[in-house]
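Asker: Whatever this is, show me its structure:
(2 chains)
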Protein chains: 2
Amino acid sequence: MATTQSAPDAYSQLLAQCREISLLSGTSALLAWDQETLMPKGAGERRAEQLALLASLVHERATAPRLAELLAKSRDDVARDGDPDGERAAVLRELQRDFDRATRLPASLVTELARTESQAQQAWAEARQRSDFAGFRPWLERMVALQQQKADCLAIAGATRWDALADLYEPGMRAADLRRLFGPLRTRLVALRERLADGERPDDTFQRTRIDAERQRGFVREVVAAMGFDFDRGRLDTSAHPFCTSIAGDVRLTTRFHDDNVLDALGSTMHEGGHGLYEQGLPREPFGSPLGEAVSLGIHESQSRLWENHVGRSAAFWQWCWPVAQRHLGAACDGQSAQSVHALSNLVAPSLIRVEADEATYDLHVMVRFELEQGLIGGDLPVAELPQRWNALYRDHLGVEVPDDRRGCLQDVHWSCGLFGYFPTYTLGNLYAAQFAAAADQALGGLAPLLAKGEFAPLREWLRENVHRHGRRYLPAELCQRATGAALSSEPFLAYLERKLFDVYGVA
Amino acid sequence: MATTQSAPDAYSQLLAQCREISLLSGTSALLAWDQETLMPKGAGERRAEQLALLASLVHERATAPRLAELLAKSRDDVARDGDPDGERAAVLRELQRDFDRATRLPASLVTELARTESQAQQAWAEARQRSDFAGFRPWLERMVALQQQKADCLAIAGATRWDALADLYEPGMRAADLRRLFGPLRTRLVALRERLADGERPDDTFQRTRIDAERQRGFVREVVAAMGFDFDRGRLDTSAHPFCTSIAGDVRLTTRFHDDNVLDALGSTMHEGGHGLYEQGLPREPFGSPLGEAVSLGIHESQSRLWENHVGRSAAFWQWCWPVAQRHLGAACDGQSAQSVHALSNLVAPSLIRVEADEATYDLHVMVRFELEQGLIGGDLPVAELPQRWNALYRDHLGVEVPDDRRGCLQDVHWSCGLFGYFPTYTLGNLYAAQFAAAADQALGGLAPLLAKGEFAPLREWLRENVHRHGRRYLPAELCQRATGAALSSEPFLAYLERKLFDVYGVA
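Answerer: Below you'll find the predicted structure:
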């Protein structure tokens, strides 16, 4: 070793900086978690100030010139001393990416984006309530223009503006690749939707049965504990919109309880539980290292969708789960069976609203947004024409007529927050989930017999070994190749979905 | 005005700095609150790192040389431009005090104190468990030596070392003044204790009645809401040790529920509720200004003790409260009455443990510590002689024999945390509370008729007007003079206590 004990080397100093940044980010996460779960409503204004201050402290550290020096010095050290397992090189690659992202946007643009996002989000909320696209249009135009500027600052050689934005959420993802994945996916999903329309619709009585929130809580808590969520390093609470967040390694899930929809609570909890298992499965030390962080939104979503759908909507899972449900939910379960509730959990009903979509039509909602974003950011689609194009795509992809913009192009908050290039990660999550589930199924000699006994540990450990423990060591495409032996494809997802739904709907 | 709009003047810049410091302190408060109420146990280590990082960020800002410049410049501006209402002068006086305190301790001493406090607290916890004073003795010796060094750094002209430490908690408080207050107080409290021993002990059946925690929660929540605690800017939760904290203006109380002691839950909640009303009654803007902060621990404690004792242990209060209790607690109230429970809430039983002490003997526990601290910090009492002196004072003041050090001089955490000069603020709180209650009683034409009807607003508004709204504008002694027309005396407290307890015990 060329360094002495008395002065930590550049790499150690770099990791110490990362640790501090992560401690601050985790503090922000607690402020935000508390805001969504417990904070009294009168505290909102000061909480926003606290969050802004913490964000500025993180930004200050993430863009410190000292960081660039330490990165350069560490690279020299690695070149000289070697890096047998490639770990340091991966850490430096990811930290350089973070540093570049954080420093490429001029301060004036960051400020302008922050202000516009805040105002546009308010304008969106009002416009949505009144179904008034004209009221939101100038804000969306302004936001698109700012996102184009942002994309130019983040420019990636050989990639489009949209790619530069999407790369923030899914490193390495390009629109051209997505088109290759999405083309056949759309065709088969539209065909599936049409085919199921002739099938036998599951009975939905159970979904309308009123069940006390405390009973629901006990039920979903037992399920997420059985999945292996560690309550010594995590919590489960309630919030209006379920989410998962990590507060310096303490992972918190939220779910919600409706009087009459225990399957929504179960699905939300298993979904967030999947995110939570990923967070709990990341390497804990060195804290703040990219190797202890999630690699992308698509991979994160794959973990949630795998548990929510491949486990939670499988016939095998319901063999185990139904007695658990009966024990917690009591008389509400009368007249139902593992089979009937499994079928209900796979109800397909094309709808107008993405967040209410079923497993078979969800990705069609995403594809509508993907196409429209290409046009908006690429400059081919004027904002003024958005509603008309939106409605046409819904007719084409989902076979539904959009009655108003509230239930049309004003339904999502994302664009008003400046999130362009984000939506496809939902579908990538579904595709990765299916490919991981298939690989795990093969590796474990069949998942179904395990799920039927409530033995979730083998699946969880497979995910831990093949996905979680790598953190950001590999880019998502390489991670997928290593874990499943193949590049990402829509085939495992389609095969899984058709097999299951044809069976449930009796249209095989 | 000599300043222009384009560049904020020094005073505004100073307040902006205060705001940032308070946003960070409030963030620390949330980290700490969460740690005591909700945090999963596996998150403790990283949470400690987060708290240490936030503390260093606050310290960095509180000791920034820029602050000294802004203070000097602001003083010049005030001298030139005038300060008709004296507000700026008060702010600058308090900020200078904070700055001096923060900068007078050399970094090496701060580090040494932090390390020793952490280790001594662990050593204390182990020593207490084993009742092993010898194990704690070297730590206490080290701590006393460090506190003496600290006192020398903080030295106040014409005051003792102990005074310099106590001034951190109660600005302006001196041991000589306390001796004048405490002398007659001790004599009369000892006499009161002896007199009550011949009286009629209240029936304590109610205290042993098991009551479901959810019922207790509903009850104490209604009481604290009736006191005027604003749940739109506050919460009530549970923790092992009740406390009140303010997270950037969002005030959070905790209480605790034992199966068999609803009066403990009520007392704790009213106590913390009193702290909470003070915090909620402080001026909200400019946020971070000393005028929006509590003036001292003694005044803070006066607000909690006033609601806990002068309200919550009064016969008039129980006239209103008993039907409320019956509504929430149901059958547990059978066989009791407002009178019997009021009497029980005033049970006097000299004990070994300060935190379990009743209203009549609590201050005797405090005085034991006050005397011993004088000796320890002043150098007249070797640490080795502490247990023997402690036990002698308990025999003298409280009439009890201390069986072991666990229930003797090892019972409190304070000294191991470096809190010397802190204990007397508890008794000051009791004295201030009685003097404020008497003044409010006079100003409002009698408190009892209001309390009997559950009309708490006049009392709360009197406190808001005379205490809360001033923040740190006046030092505690001046605040007391302004609010009550007299210097602090033990007479109102003794008069109140004797009147009430002679009546309850039938020894008038």
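Asker: quick one: contacts for residue A:68?
Answerer: A:99, A:103 (Cβ atoms under 8 Å, 6 or more residues apart in numbering or on different chains). All C-beta atoms are positioned from the backbone trio N, CA, C, and that covers glycine.
Asker: That one: what secondary structure?
Answerer: Recorded secondary structure, residue A:68: helix (DSSP: H, G, I helix; E, B strand; the rest coil).
Asker: what about the residue nearest the centre of chain A, helix or strand, and which?
Answerer: Central residue of chain A (Cα atoms, centre = their mean): residue A:301, 3.7 Å from the mean position. Using DSSP states H and E, residue A:301 falls within helix A:297-305.
Asker: before we move on, back to that, I'd guessed the residue nearest to the centre of chain A sits against residue A:424; true?
Answerer: No: contact criterion Cβ atoms under 8 Å: residue A:301 and residue A:424 do not qualify, at 10.3 Å.
Asker: What distance do you get for residue A:338 to chain B?
Answerer: 32 Å (Cβ to the nearest Cβ, to the nearest Å).
Asker: that older thread, so what's the residue nearest to the centre of chain A closest to, chain neighbours aside?
Answerer: Leaving aside its chain neighbours, residue A:301 sits nearest to residue A:429 (2.5 Å; criterion: Cβ to Cβ, 6 or more residues apart in numbering or on different chains).
Asker: Make sure that neighbour is actually in contact with residue A:305.
Answerer: Yes: using Cβ under 8 Å, residue A:429 is in contact with residue A:305, at 5.0 Å.
Asker: So what does residue A:490 have for phi and psi?
Answerer: phi -90, psi -10 (degrees, to the nearest 10).
Asker: Quick check, pLDDT for it.
Answerer: The model reports residue A:490 with a pLDDT of 97.
Asker: wait, what's in contact with it?
Answerer: Neighbouring residues of residue A:490 by Cβ under 8 Å, 6+ apart: A:181-182, A:184-185, A:188, A:431.
Asker: so how far is the first residue of stretch A:240-253 from its last?
Answerer: One end of stretch A:240-253 sits 12 Å from the other (Cα to Cα, to the nearest Å).
Asker: residue boundaries of the strands in the stretch 151-300 of chain A?
Answerer: A:234-238, A:244-247, A:250-255 (DSSP state E, counting those that start in this stretch).
Asker: And for the stretch 401-508 of chain A?
Answerer: With DSSP E, counting those that start in this stretch, there are no strands along the stretch 401-508 of chain A.
Asker: distance of the closest residue in space to residue A:408 that isn't next to it in sequence from residue A:411?
Answerer: Excluding its sequence neighbours, the residue lying closest to residue A:408 (Cβ to Cβ, 6+ apart) is residue A:402, at 4.0 Å. As judged by Cβ to Cβ, to the nearest Å, residue A:402 and residue A:411 stand 10 Å apart.
Asker: Please apply the same query to residue A:204.
Answerer: Here the criterion is Cβ to Cβ. By it, residue A:204 lies 23 Å from residue A:411.
Asker: In space, what's closest to residue A:266 - neighbours in sequence excluded?
Answerer: Nearest non-adjacent residue to residue A:266 (Cβ to Cβ, 6+ apart): residue A:220, at 5.5 Å.
Asker: correct me, but that neighbour touches residue A:265?
Answerer: Yes: Residue A:220 is within contact range of residue A:265, at 5.4 Å (criterion: Cβ under 8 Å).
Asker: Tell me which of these two has more neighbours.
Answerer: residue A:220 (25 against 22; other Cβ atoms under 10 Å in any protein chain shown).
Asker: Let me see the residues that make contact with the helix or strand containing residue A:129.
Answerer: Assigned by DSSP H and E, residue A:129 belongs to helix A:107-130. Applying Cβ under 8 Å, 6+ apart, the contact partners of helix A:107-130 are A:59, A:105, A:132-133, A:135-136, A:139-140, A:142-143, A:146, A:149-150, A:153, A:406, A:410-411, A:413, A:415-418.
Asker: Could I have the buried ones of those residues as ChimeraX selection syntax?
Answerer: Burial among the contacts of helix A:107-130 is assessed by 16 or more other Cβ atoms under 10 Å in any protein chain shown; the matching ChimeraX selection reads:
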select /A:105,132,133,135,136,139,140,142,143,146,149,150,406,410,411,415,416,418
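Asker: show me which of the contacts of helix A:107-130 neighbour chain B.
Answerer: The subset of the contacts of helix A:107-130 within reach of chain B, by Cβ under 8 Å from any Cβ of the partner chain, is empty.
Asker: Alongside chain B, which residues does the stretch 1-150 of chain A contribute?
Answerer: Applying Cβ under 8 Å from any Cβ, we find that the stretch 1-150 of chain A lies next to chain B at A:19-20, A:23-24, A:26-27, A:30-31, A:34, A:38-43, A:46-47, A:49-50, A:53-54, A:57.
Asker: Residue A:92 is in contact with residue A:71, correct?
Answerer: Yes: in this structure, residue A:71 is within contact of residue A:92 by Cβ under 8 Å, at 6.3 Å.
Asker: Run the chain-centre distance for stretch A:108-127.
Answerer: Centroid separation for stretch A:108-127 versus its chain: 23 Å, with Cα atoms, centre = their mean, to the nearest Å.
Asker: Next, the buried residues of that stretch.
Answerer: For stretch A:108-127, the neighbour count (16+ other Cβ under 10 Å) marks A:112-113, A:116-117, A:120-121, A:123-124, A:127 as buried.
Asker: circling back: can you tell me which helices and strands the helix holding residue A:301 packs against?
Answerer: On a contact count with 3 or more Cβ pairs under 8 Å, 6 or more residues apart in numbering or on different chains; DSSP states H and E, helix A:297-305 meets helix A:262-281, helix A:424-443, helix A:476-484.
Asker: Give me whichever of those is most buried.
Answerer: Highest mean neighbour count among the helices and strands packed on helix A:297-305 (mean count of other Cβ atoms under 10 Å in any protein chain shown): helix A:262-281, with a mean of 25.
Asker: hang on, the earlier thing: need the buried ones from the residues of the stretch 1-150 of chain A next to chain B selected in ChimeraX.
Answerer: Selection of buried members from the residues of the stretch 1-150 of chain A next to chain B for ChimeraX, criterion 16+ other Cβ under 10 Å:
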select /A:19,20,23,24,26,27,30,31,34,38,39,40,42,43,46,47,49,50,53,54,57
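Asker: Among the residues of the stretch 1-150 of chain A next to chain B, name the ones in helices.
Answerer: Counting by DSSP state H, the residues of the stretch 1-150 of chain A next to chain B place A:19-20, A:23-24, A:26-27, A:30-31, A:34, A:46-47, A:49-50, A:53-54, A:57 in helices.
Asker: In the stretch 151-300 of chain A, which residue sits closest to chain B?
Answerer: residue A:250 (3.5 Å; Cβ to the nearest Cβ).
Asker: Apart from its neighbours in sequence, what residue is nearest that residue?
Answerer: Nearest residue to residue A:250 in three dimensions, chain neighbours excluded: residue B:43, at 3.5 Å (Cβ to Cβ, 6+ apart).
Asker: for residue A:484, same thing?
Answerer: Closest residue to residue A:484 apart from its sequence neighbours, by Cβ to Cβ, 6+ apart: residue A:439 at 4.1 Å.
Asker: Point out where chain A drops to low pLDDT.
Answerer: Across chain A, the ranges flagged by pLDDT under 70 are A:1-6.
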